[in-house]
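Chemist: need coordinates for the following:
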Amino acid sequence: MRYSHAFKATVGAIALSVATAGSALAEFPERTIELIHPWGPGNAMSVSQIIAKAMGEELGVDIPVISLPGAAGTKGQITAMSRPADGYTIFDGYVAPLVLQPVLGNADWVYSDFKPLHAAVSNAFAIGGRVDETRWSNFEEMMEYAKARPGELRYSSGSRNNLPHMVIAKVLQSYGVVAQNVPYTQDGNAVKDLKSGVLDFSFINVGNYIADPSSFNIMLVLSELPGAKASYDGAPSIVDLNIDLELSGLAPMGWTWWIVHPDTPDDVANKLRTAMAAAIKRPDVREAIGKVGFVPLDWDHTQYDEIVGPVAGQLGAMGNALKWEEEELKKLQ
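Modeler: Next comes the predicted model:
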């Protein structure tokens, strides 16, 4: 069964009682609110717990973060949207389930099918190499080297056809560079092979870098947000390149925007929005988020279409870059 069918079936089966909603509005929130997180435990979940705790303090209730990974994040989204539209379930809407999976044809919702609360955080990816590399010293020198040797360099984005793979393929395509992507089931193994010389460069996430910053030469931060550069100690970013990558806004990085069921009453949604905005603005929350290497985002629900809307189109262009990479590698066989 496709996720999209399950999503339609579950959402279509929900009947919100007007009488029940009316009585709940005056008291909301009366009990614990759950935030469903689409990934397993890790830095991303820790950041969500920071925001959820502060948001719960604003509302006077607990907001536990429930990890529900699976199916590239769509399992969590389907589960969240199958719950009653009463504001007691929030979905941690990361780009993969919210936008990427629909672009790939694995879900038939679109981002505008849901009711946004507030942007939460972004976590920028980077392209990194070894600190003892002698063939090049920066990203553009590596591109020159690789262009003269089609298909020779090996890199990893973790798994194939994920967001980091799409972004890196788009960057390489912009330079006319063909390289081999080596898949790994665990990011840690890719990092080990980068350090040992099996890989020439690799996708590096914020957690990898913060854990061991002296082991990486961060050549390119795949984000235009100033806070993303700060997470990688000021390393060059896509803004610094003398080439138009057609990547902007949230598209080239991981991010999350908290959403609720579209039928959630406006009064309830607005209480959640107010509490989340207050939580994101708190200095202690912003400091805690920054220590994990993530960047707090200040966009509210009125900017949802403006900010998230362009992402789908850019993801489509990055998907085309994956096809280009595959075709160019076949030519070299």
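Chemist: which parts of the stretch 201-333 of the chain are strands?
Modeler: For the stretch 201-333 of the chain, the strands defined by DSSP state E, counting those that start in this stretch cover 201-204, 216-221, 254-260, 295-296.
Chemist: what's the closest of the ones you listed to V61?
Modeler: Proximity to V61 (Cβ to Cβ) singles out strand 254-260 among the strands of the stretch 201-333 of the chain, at 15.2 Å. C-beta: built from backbone N, CA, C; applies to glycine.
Chemist: tell me how far the closest one lies from the chain's centre.
Modeler: On the basis of Cα atoms, centre = their mean, to the nearest Å, strand 254-260 sits 8 Å off its chain's mean C-alpha point.
Chemist: for it, packing partners?
Modeler: helix 43-59, strand 89-94, helix 95, strand 115-123, helix 266-281 (3 or more Cβ pairs under 8 Å, 6 or more residues apart in numbering; DSSP states H and E).
Chemist: which other helices and strands does the second one contact?
Modeler: With contacts defined as 3+ Cβ pairs under 8 Å, 6+ apart, the packing partners of strand 89-94 are strand 34-37, helix 74-82, strand 254-260.
Chemist: for the ones you listed, give me a markdown table that also has mean neighbour count, mean pLDDT and distance to H165.
Modeler: Shown next, in a markdown table, are the helices and strands packed on strand 89-94 (neighbours: other Cβ atoms under 10 Å; pLDDT from 0 to 100; distance: least, Cβ to Cβ, whole Å):
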| stretch | mean neighbour count | mean pLDDT | distance to H165 |
| --- | --- | --- | --- |
| strand 34-37 | 22 | 98 | 23 |
| helix 74-82 | 22 | 97 | 18 |
| strand 254-260 | 26 | 97 | 13 |
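Chemist: looking at these, which is closest to Y94?
Modeler: Closest to Y94 of these, according to Cβ to Cβ: strand 254-260, at 4.6 Å.
Chemist: can I get the helices and strands packed on strand 89-94 in CSV including distance to E224?
Modeler: Below are the helices and strands packed on strand 89-94 laid out as CSV (distance: least, Cβ to Cβ, whole Å):
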stretch, distance to E224
strand 34-37, 26
helix 74-82, 27
strand 254-260, 13
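Chemist: circling back to that earlier point, nearest to N189 among the strands of the stretch 201-333 of the chain would be which one?
Modeler: In terms of Cβ to Cβ, the element of the strands of the stretch 201-333 of the chain nearest to N189 is strand 201-204, at 10.6 Å.
Chemist: mind listing what that closest one pairs with, with the direction of each?
Modeler: Here strand 201-204 has these sheet partners by DSSP bridges: strand 126-130 (antiparallel), strand 154-156 (parallel).
Chemist: out of the strands of the stretch 201-333 of the chain, nearest to I238?
Modeler: Proximity to I238 (Cβ to Cβ) singles out strand 216-221 among the strands of the stretch 201-333 of the chain, at 6.7 Å.
Chemist: helices and strands around the closest one, which ones?
Modeler: The contact analysis (3+ Cβ pairs under 8 Å, 6+ apart) places strand 216-221 against strand 126-130, helix 139-147, strand 201-204, helix 206-211, helix 226-231.
Chemist: now, of these, which is deepest in the fold?
Modeler: Each of the helices and strands packed on strand 216-221 was scored by mean neighbour count; the highest is strand 201-204, a mean of 27, by mean count of other Cβ atoms under 10 Å.
Chemist: let me know the average pLDDT across stretch 135-155.
Modeler: Mean pLDDT, computed over stretch 135-155, is 97.
Chemist: so where is the stretch 201-333 of the chain shaky, pLDDT-wise?
Modeler: By pLDDT under 70, the stretch 201-333 of the chain has no low-scoring segment.
Chemist: if we use 90, what do you get?
Modeler: Per-residue confidence for the stretch 201-333 of the chain (pLDDT under 90) gives these ranges: 207-208, 211, 224-227, 241-249, 293, 312-313, 316-317, 319, 333.
Chemist: give the contact list for the residue nearest to F114 when sequence neighbours are not counted.
Modeler: Using Cβ to Cβ, 6 or more residues apart in numbering and skipping the chain neighbours, the partner closest in space to F114 is I259 (4.2 Å). If you count contacts by Cβ atoms under 8 Å, 6 or more residues apart in numbering, I259 has them with I90, F91, G93, L98, F114, K115, P116, L117.
Chemist: P116 now?
Modeler: W257, W258, I259, H301, Y304, V308.
Chemist: so how many other residues sit close to the fifth one?
Modeler: Residues within reach of Y304, counting by other Cβ atoms under 10 Å, total 20.
Chemist: ok, and the closest non-adjacent residue to E58?
Modeler: Take E58 and drop its neighbours on the chain: the residue closest to it by Cβ to Cβ, 6+ apart is A275, 3.9 Å away.
Chemist: got a list of what that neighbour touches?
Modeler: When contacts are counted by Cβ under 8 Å, 6+ apart, A275 touches M55, E58, L59.
Chemist: before we move on, the earlier item: of all the helices and strands packed on strand 216-221, which one is nearest A179?
Modeler: Proximity to A179 (Cβ to Cβ) singles out helix 139-147 among those, at 5.9 Å.
Chemist: give me the angle between that closest one and strand 126-130.
Modeler: Helix 139-147 and strand 126-130 are oriented at 70 degrees to each other (axes from the mean of the first three to the mean of the last three Cα atoms, to 10 degrees).
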